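[1] predicted model and sequence below, questions to follow.
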Amino acid sequence: MQGFEYANPATLKEATALLGNGWGDAAVLAGGTDLLTLMKEYLMSPKRVVNIKGIKELGGISKSGAGLRIGATVTVDELMSNAAVRAEYPSLVQAGRGITSPQIRNMGTVGGDLCQRPRCWYFRNGFGLLGVKDGKSLVREGENKYHAIFTGQPALFVSASSFGPALVALGAKVKLASASGTREVDAAKFFVAPQNEGAREIALLPNEILTEIVIPAARGAKNATYEVRHKDALDWPLAAASVSLSMKGATVASARVVLGHVAPTPHAAAAAESLLAGKTITEAVADEAGKAAVADAKPLSGNAYKVQLARVAVKRALLAAAGKA
Amino acid sequence: MVDYSWPPMNKRRVIGQRLNRLDGPAKSSGKAKYPTDVQRPGLLHAVILSSPHAHARVRSIDISAAQAMPGVEDIRVMSPAGTEIQWAGAEVAAIAARTEEIARDAARAIKVDYEVLPHLVKEDDLARAGNRAKAAGEQVTGDPDTVFRESGVVVHEGSYSIPVITHCCLEPHGSTIEYKGEKVEMWPSTQNVSGIGGDLARSLNIPVTNVSVHMDYMGGGFGSKFPADRWGTEGANMSKKTGKAVKLYLDRRQELTIGGVRPSAFAKVKIAARRDGTIVAWQSESWATGGVGGGGMPPIPYVFTNIPNKRLNHSAVSLNAGGARAWRAPNHAQACALTATAMEDLAAKLNMDSLEFMLKNANLTLRPETYRAQLQKAAELIEWKKYAHQRGDKTAGHIKQGLGIGFSTWGGAGHASNCRANIHPDGSVEVELGSQDIGTATRTAIAMVAAETLGIPVEQVKVKIGENSYPASGASGGSTTIGGVSSSTRKAAMNALDKLMDVVAASLNVPKDNLEAVDQRIQVKGNPDKAMTFKAACQKLGVKSISEMGTNDPKNPGGLNSQGASGVQMAHVSVDIETGVVRMNKFVAVQDCGLVVNPKTAESQVYGACIMNICAGLMEERVMDQITGRVLNADMEFYKLAGIKDIGEIVVHMDITPEHDRKGIIGLGEPPAIAGPAAISNAVANAIGVRVPGLPMTPERVLKALYGERSLA
Ligand SMILES: Cc1cc2nc3c(=O)[nH]c(=O)nc-3n(C[C@H](O)[C@H](O)[C@H](O)COP(=O)(O)OP(=O)(O)OC[C@H]3O[C@@H](n4cnc5c(N)ncnc54)[C@H](O)[C@@H]3O)c2cc1C
């Protein structure tokens, strides 16, 4: 691990002043469950590490009429045990449950979960985000059983964040702060598929800190997440789906269906969403929506099975949201 | 002549008790110090620079920049210019520095110029192996061709496989070594306390007596930790050069890449039975790899060895991947995974219940009575009658249940072992062996045997192991330790007691042969009134302690230990046929191992093996990448191992009977680590109605078996 300067600011202002314009200048340290590994593997070698856990304004969960504000340094466990979250956003609790290590749930933060780097084994082995060697896509031509099934772009890793799809489905916004001010980004726009090797998979800039997440009030919308997991213990979902349904009586007024772990970003399934409008959720409808959600999937040589898993995840998330699971 | 034989079952006071392991509190409280915990003044931290290429020649290596880094104390080139690297991860250089971080930074500053050569790292498709596959000669028994053609014979053909897995020791391979003048102190993580010093001495060209080995505890070996290894040699060289202790352990990635693997096995099997279920012929074309050296043929057909007509062909496939080391029951899990699966498929084709089919064919095994009894016991424990159904769970819904069977055999005779038993005038007792407790409760078993023999409580026995200055005892491999150390301890303790009896006999004025040691007394047999306490007897020794040796000679174990363990395991699984996810409901292991010293720690041993079986059955495999030549999942994230929630209910039944007990002690390390993957594969087939040909039973494989290439339901 390359030597680094360690900073422990007490305010957001101090913290943003410590960041630089390049990723190599400084790294934000939250729970450290991913950053430490990245540094040990020389995948990130910042000159300065800025610990944000001492910054009070970045913590806490609060509810207002407009919705729910979740501080960036709220841990996964804190989020999952929060009464307001449990009451209105089961989708988030279910996504959190999938982070099956109690240690990681205790240390890892929600902000860190959104900013963590992909787990693609070519990336983690030092072959870059796009995994290209000698002009060849290692992912396409190599081992891709855990990779993307929506593959119309150079990036073929899957977005690692389990909260990502849920937050996109819930229409959340993410707040980013730098020394020169703050901005707000839709969760859906926070995740980006990099088009070249130098680009990043999130909209965050090197001089910014993710400060909070704001979820609009649920107003009776039903939501759920379903993950297909190989193991119950310490593992990643093979495919997941988060849904949010605005209801008009027993029928769906409008739906958000977002797939996880199948593309370099949370993947909104527009076809499934429009199919659901005006329908009552039944097993058959949920199955149809699952089919629609993966209709344009183009799996790689070794992950056709993930199409089936994504389809089932959508079906089961819909049934869970409708209370029919 | 002293009679060393074990006391009869009903006379034992300590042996056969369910005692907790003596070092449990130390281990669970963190008090136990493992080799990786060793701290020495001025300790240097060393790391290995690994080759990124699977096959390459080193053109040149430049360590100057690394050497110049502050904090770097020594660098040893392990693959000098001209070296042909045969697998990714191979050792190129060792670097010792003041901190591990500096050592790692320095490793990256070493410039190696490689001439990259072509590699092969995957063996699933034999056709692609070309001349990397070497055929061993054909073996034919009887007349398989004719029998396969006979009318009235039902033939099944299928493909089966089990992949390479690694040992994934929680404590990685390595040691801390400190040169002090001519002498070398070594704290290794090893299965071979008495032998590893000699191995290191040979590589350093120094007398074996110069190496002192110390190891109280170790974090897992499973067959992969016998030699000092090149890491030990370079650690020693760097310690010699710097005059400081050097700690050199593999990192996790290296542990899973070069710390040893269990070879794979693949086979196309043809098997035939008469309509009544009697198996009459077997034919297999198998292949395997364990690295550059290829992989030998597993002993197939497994356990049901007396199938009268057989044709066997095998190819060893050489890969540019980290080499094989013994892994709990070398080649047996593979053999079972190729045999029990084909048998179960044949039973399904015959519309026979697979339990009935195995029972019917038990005569083809070497121990029909034992296997029959164990099959029945396991069936009872897994509630076979309640859950059994023909292939394919026909109940409604997407969760399908199934049952499956696997079986095992192993040797397990005791290794050569020496023990010294000391009885001191104050009544304290020590037993000394250059043995090791690799997590198997060897320490506890030794104390129990000594306590039984001397008629004293277990706590009164001080067990001294883990030093090569103690009488030499064999390495812990092949399930040989419990038989070896128990026998040598028994003999040493008997010999020491015999000396103590001399003193008591004179004092009580009775013939020595009339005495026995029970309940902390030496007494006239059956007469507690004519007795002396053990302590009082020891006081009679004056200033002279008793110190006696005992030896287990594997050629002449004298009935104290023997070999030939059998086991049956059954799995009950639920399969979600929409996702291919398999969940373990219940896993049953029935296991004999002769005389059982401590049923509780024996069961623990089997529990551990069952968990490893479940890992190998459901999730564990090494993933190789043909383009980069690397192991892609050399971490504990995608090298998938079970957690508590993944293992279901495990039921262990130790098959303790007077007949088994009469055989003496038989080792238990390997036998329970064999049958599980096959049992799980069979349970999945029984649940979903089709065979998933390759282990482990991942969602990907299950869906493909159910719905074809596209895996769409
Ligand atoms: C074996 C394993 C299994 C896992 N399974 C799952 C899973 O199923 N689903 C899932 O979602 N996650 C999973 N995780 C990941 C885990 O949830 C993340 O590691 C954790 O949430 C990261 O949070 P952290 O606070 O520790 O981040 P850190 O490690 O501190 O930071 C991670 C990255 O985000 C940056 N960062 C952190 N906070 C901020 C901020 N506020 N502003 C700007 N940048 C920031 C850091 O600079 C760094 O680049 C798993 C991890 C492991 C090791």
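    Nice, I can see it.

[2] and B:G291, what does it touch?
    B:G291 is in contact with B:87, B:261, B:263, B:318-319, B:321-324, counting by CB atoms under 8 Å, 6 or more residues apart in numbering or on different chains. For glycine as for every other residue, the C-beta is placed from the backbone atoms N, C-alpha and C.

[3] which pLDDT value goes with the residue of chain B most remote from its centre?
    Each residue of chain B has a distance to the centre, and by CA atoms, centre = their mean the biggest one is for B:N509: 51.2 Å. pLDDT, B:N509: 94.

[4] then B:P528?
    pLDDT, read off for B:P528, is 89.

[5] just to be sure, it is in a strand?
    Yes. When classified by DSSP: H, G, I helix; E, B strand; the rest coil, B:P528 is found to be part of a strand.

[6] wait, it touches B:Q520, no?
    No. B:P528 lies out of contact with B:Q520 (CB atoms under 8 Å); the separation is 11.2 Å.

[7] between these two, which one's more packed in?
    The neighbour count for B:P528 versus B:Q520, taken as other CB atoms under 10 Å in any protein chain shown, is higher for B:Q520 (16 against 10).

[8] tell me, how many residues neighbour the spatially closest residue to that one that is not a sequence neighbour?
    Take B:Q520 and drop its neighbours on the chain: the residue closest to it by CB to CB, 6 or more residues apart in numbering or on different chains is B:F534, 4.7 Å away. The tally of other residues near B:F534 (other CB under 10 Å) stands at 25.

[9] run the contact check for stretch B:98-106 versus chain A.
    Yes. Contact of stretch B:98-106 with chain A (CB under 8 Å from any CB of the partner chain) involves B:101, B:104-105.

[10] which among the residues you listed gets closest to B:P330?
    In terms of CB to CB, no member of the residues of stretch B:98-106 next to chain A lies closer to B:P330 than B:R104, at 33.9 Å.

[11] you'd agree that closest one is in a helix?
    Yes. Assignment of B:R104 by three-state DSSP places it within a helix.

[12] just to revisit the earlier point, tabulate the contacts of B:G291 in a markdown table, adding columns for distance to B:A362.
    Below are the contacts of B:G291 laid out as a markdown table (distance: CB to CB, whole Å):
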| residue | distance to B:A362 |
| --- | --- |
| B:W87 | 43 |
| B:V261 | 33 |
| B:P263 | 29 |
| B:S318 | 38 |
| B:L319 | 38 |
| B:A321 | 39 |
| B:G322 | 39 |
| B:G323 | 37 |
| B:A324 | 32 |
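
[13] which of the residues you listed lies closest to chain A?
    Among the contacts of B:G291, B:A321 lies closest to chain A (CB to the nearest CB), at 14.0 Å.

[14] so that closest one: helix, strand or coil?
    Under three-state DSSP, B:A321 comes out as coil.

[15] equivalent analysis for the one 5 residues further on, please.
    At B:A326, secondary structure determined by three-state DSSP is coil.

[16] and A:S62, how many neighbours?
    Neighbours of A:S62 using other CB under 10 Å come to 12.

[17] do B:G130 as well
    B:G130: 9 surrounding residues under other CB under 10 Å.

[18] quick one: it from B:V317, how far?
    10 Å (CB to CB, to the nearest Å).

[19] hmm, back to that, and the residue farthest from the centre of chain B, backbone torsions?
    Backbone torsions of B:N509, given as degrees, to the nearest 10, read phi 60, psi 50.

[20] so who does it touch?
    B:N509 neighbours (CB under 8 Å, 6+ apart): none.

[21] give me that answer again for 10 Å
    Applying CB atoms under 10 Å, 6 or more residues apart in numbering or on different chains to B:N509 gives the contacts B:K530.

[22] just checking, the residue nearest to B:Q520 touches B:R521?
    Yes. The pair B:F534 / B:R521 is scored as a contact, 6.2 Å apart, by CB atoms under 10 Å.

[23] can you tell me the centre-most residue of chain B?
    When CA atoms, centre = their mean is applied to chain B, the residue found nearest the centroid is B:R328 (2.6 Å).

[24] quick check: pLDDT value at that one.
    With respect to pLDDT, B:R328 has a value of 97.

[25] now it. Nearest residue, chain neighbours left out?
    Using CB to CB, 6+ apart, the closest residue to B:R328 is B:A673 (3.9 Å).

[26] how about the helix ranked longest in chain A and the ligand, any contact?
    If you go by DSSP state H, chain A has its longest helix at helix A:305-321. No. Figure legend: helix A:305-321 not in contact with the ligand (CB under 6 Å from any ligand atom); closest approach 13.5 Å.
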